[in-house]
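Peer 1: next input, structure requested:
(one chain, ligands or ions: 1)
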Amino acid sequence: MSTTIVPTEMTFFSRFESDILSGKKTITIRDEAESYYVPGTTVDVSTYEEGRWFCRLNILTVEPIAFNDLNDFHAQQENMTLTDLKAVIHDIYPGIEKLYVVNYALVK
Ligand SMILES: CC(=O)Nc1ccn([C@@H]2O[C@H](CO)[C@@H](O)[C@H]2O)c(=O)n1
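Peer 2: Presented below is the predicted three-dimensional model:
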């Protein structure tokens, strides 16, 4: 028998809070450790720095993506340029090639 653990919380760096709340940022890109979000479930979202809750997100899809396959469409959904997105991801997940695109919608 096995038990599936569904994550119910997610953190973001606080600098992304306003883009998430305004709907300008509709995806996040995470590593394997954070690839277990389940489409159709809802997570409580807090800032990474202060742990301050700021919204709930409905998880829409979770799809694998290779770092080298990141494109302008991903960048657009992150509300940044592809160059900036790659730099940000490289900073957070240095050397990680296997990533996951988590697509979400703000819960009103
Ligand atoms: C705080 C924490 O635990 N982890 C992360 C990981 C990623 N991100 C953001 O997702 C996008 C792609 O990685 C970019 O916009 C990142 O800055 C984030 O805000 N927080």
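
Peer 1: quick check: residues of this protein near the ligand?
Peer 2: If contact is defined as C-beta under 6 Å from any ligand atom, the residues of the chain in contact with the ligand are 11, 12, 13, 16, 28, 29, 30, 48, 78, 88, 89, 92. The way it works is simple: take the backbone N, C-alpha and C, and place the C-beta from them, glycine included.

Peer 1: filter the residues you listed to the buried ones?
Peer 2: Buried members of these, counted by 16 or more other C-beta atoms under 10 Å: 12, 16, 28, 29, 30, 78, 88, 89.

Peer 1: hang on, the earlier thing: need the residues of the chain next to the ligand in a markdown table (columns: pLDDT, secondary structure and distance to residue 55).
Peer 2: Conversion of these to a markdown table gives the following (pLDDT from 0 to 100; DSSP: H, G, I helix; E, B strand; the rest coil; distance: C-beta to C-beta, whole Å):
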| residue | pLDDT | secondary structure | distance to residue 55 |
| --- | --- | --- | --- |
| 11 | 98 | strand | 12 |
| 12 | 98 | strand | 9 |
| 13 | 98 | coil | 14 |
| 16 | 98 | helix | 11 |
| 28 | 98 | strand | 13 |
| 29 | 98 | strand | 18 |
| 30 | 98 | strand | 17 |
| 48 | 98 | coil | 14 |
| 78 | 98 | coil | 17 |
| 88 | 97 | helix | 20 |
| 89 | 98 | helix | 22 |
| 92 | 97 | helix | 20 |
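
Peer 1: what about the helices in the protein?
Peer 2: 17-21, 72-77, 82-92 (DSSP state H).
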